[in-house]
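> Structure of the sequence below:
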Amino acid sequence: MKASRFFFDRHQAQTTPFPFALDIERAEGIYLFDKAGKKYMDMISGVAVSNIGHRHPHVVEAIKNQLDKHMHTMVYGEYASESADKLAELLTDHLPDSLDCVYYVNSGTEANEAALKLAKRATGRTKIVSCLKSYHGSTHGSLSISGNESKKSTFRPLLPDVHFIEFNNPDHLSKIDSQTACVVMETIQGDAGVRIPDTTYMKAVKNRCEEVGALLILDEIQTGFGRTGSLFAFEQFDIVPDIMTIAKAMGGGLPIGAMVSSTELMETLTSDPMLGHITTFGGNPVCCAAAHASLQVITNKRLWENARTRGKQLANALDHPAFSEIRHRGLLLALDMDSSETVLKLAENCLNDGLIGFWFLSQPSSFRLSPPLTITEEEQDEAVKIIRHNLDKL
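Next up, the predicted model:
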């Protein structure tokens, strides 16, 4: 255990000076187990990744079956793959007709990078409109359209011609004009602390895009796959994006992402120039098999309904004076506290008691909860007991 931590500290790049550094031996359902045998309730799902819990047996079986056939064979787009085909079919079967074509990548930020290129190529325009307080990833393009300046300033210059509007403020929509290639936004802002827009606002954004010929890109990387109480969050706002980006929970624990759009738009990437977008590992057969199995579990069990029920229960059960406001949609919750230091103390104390909570990069004074959508009422009651016990100790 000491040797493992030594190599973690010495030979792996660190993202902060104070990682949790749990030394995980195995995982099952909503639980993680460290090498000392201690059990942790994962109430953040690896940050909205493990929507169906850890090592779901249907996903494990699909991975093993695909491993017996083949793994990587060729760069994306050159060979056909049964697992990729089956995933695309199942995914588009659950989407509106205009979202009928899938481009596989490896992560959320890659999906957003691809979507930006598609929008520029399809419209011939360069202006990009994004939202303040947004988060879309850490690569240069995705960072350029993210709204947290403290994370961006050190890495400038970034993409030019990126403009920001205030999320859920219709007065800013005039900034979307005939020079705009795309408007990119999270359907529900996650990293900003679960900011939920009005349906009228979302419709106004879509209408404005149609008026000026801009494309609407909805980032469903954190909100997708049942997390917010529907398979995808945009279904709750009576709109359909021109391009949707997905990742996180898509692979059931394996790394995969995608942008989804119309066949007509996607075809613009195949000529002038050819190979307008390329990826070596996109559509990896094992990852696609895992994603197909995970999506089967979500859709067959209608886990978004459990997310709605459990989310309401969890928010109600955590009504406590220490939380000044609780915002949630499904099982994506932000619980505001008086400071980031208080949130950190709560997270650390809960961790000591075997529960993993977290915070938000752009809203560190909010306690983050996003448990697996498979969580049972009994498991959730136990989580509430641990959290409330540590709230009372603050």
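> Just the element for Lys120, please.
Here Lys120 sits within helix 108-123, counting by DSSP states H and E.
> Can you tell me the closest non-neighbouring residue to Thr123?
Once flanking residues are discounted, Thr123 sits nearest to Ala181: 4.6 Å by Cβ to Cβ, 6 or more residues apart in numbering. In short, each C-beta sits where N, CA and C put it, glycine included.
> CA atoms of the helix or strand where that neighbour lies as CSV?
Using DSSP H and E, the element containing Ala181 is strand 180-186. Extracted C-alpha coordinates of strand 180-186, given in CSV (Å, rounded to 0.1, in the frame of the first residue of the first chain):
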residue,chain,number,x,y,z
THR,A,180,-22.5,32.8,-35.5
ALA,A,181,-21.5,29.3,-36.4
CYS,A,182,-22.9,27.7,-33.3
VAL,A,183,-24.2,28.2,-29.8
VAL,A,184,-22.8,25.6,-27.4
MET,A,185,-24.2,25.1,-24.0
GLU,A,186,-24.8,22.5,-21.3
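> what is the mean pLDDT for it?
Summarised as a single mean, pLDDT over strand 180-186 is 98.
> What pairs with that strand, parallel or antiparallel?
According to DSSP bridges, strand 180-186 forms sheet pairs with strand 127-131 (parallel), strand 215-219 (parallel).
> Tell me which of the ones you listed sits most buried.
Each of the strands paired with strand 180-186 was scored by mean neighbour count; the highest is strand 215-219, a mean of 28, by mean count of other Cβ atoms under 10 Å.
> what's the angle from that strand to helix 108-123?
170 degrees (axes from the mean of the first three to the mean of the last three Cα atoms, to 10 degrees).
> Determine the three-state secondary structure at the residue most central in space within the chain.
Closest residue to the average C-alpha location of the chain: Gln222 at 2.1 Å, with Cα atoms, centre = their mean. Following DSSP: H, G, I helix; E, B strand; the rest coil, we place Gln222 in the coil state.
> ok, so what distance separates the residue lying closest to it once chain neighbours are set aside from Phe225?
Spatial nearest neighbour of Gln222, excluding adjacent residues (Cβ to Cβ, 6+ apart): Gly190 at 4.1 Å. Gly190 sits 13 Å away from Phe225, going by Cβ to Cβ, to the nearest Å.
> how about the helices in this structure?
2-11, 45-48, 57-67, 82-93, 108-123, 140-144, 149-152, 199-212, 263-266, 285-301, 303-317, 340-352, 377-392 (DSSP state H).
> Check the offset of the last one from the chain's centre.
Put simply, helix 377-392 sits 25 Å off its chain's centre (Cα atoms, centre = their mean, to the nearest Å).
> same thing with the longest one?
Averaged C-alpha coordinates place helix 285-301 at 16 Å from its chain's average position (Cα atoms, centre = their mean).
> which outside residues touch stretch 15-30?
Applying Cβ atoms under 8 Å, 6 or more residues apart in numbering, the external contacts of stretch 15-30 come out as 1, 4-5, 8-9, 32-35, 37, 40-43, 53-55, 351, 356, 371-372, 374-375, 379.
> buried residues in the strand holding Ala181?
180-186 (16 or more other Cβ atoms under 10 Å).
> Please convert the residues you listed to TSV, extending it with distance to Ser271.
Formatted as TSV, the buried residues of strand 180-186 follow (distance: Cβ to Cβ, whole Å):
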residue	distance to Ser271
Thr180	24
Ala181	19
Cys182	20
Val183	26
Val184	24
Met185	29
Glu186	31
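> out of these, which one sits closest to Asp336?
Glu186 (18.7 Å; Cβ to Cβ).
> Contact partners for the closest one?
Residues in contact with Glu186 (Cβ under 8 Å, 6+ apart) are 131, 134-136, 218-223.
> could you redo the residues you listed as TSV and give each row distance to Ser262 and pLDDT?
TSV is the format used below for those (distance: Cβ to Cβ, whole Å; pLDDT from 0 to 100):
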residue	distance to Ser262	pLDDT
Cys131	24	98
Ser134	24	97
Tyr135	26	97
His136	21	98
Leu218	14	99
Asp219	18	98
Glu220	16	98
Ile221	20	98
Gln222	24	98
Thr223	21	98
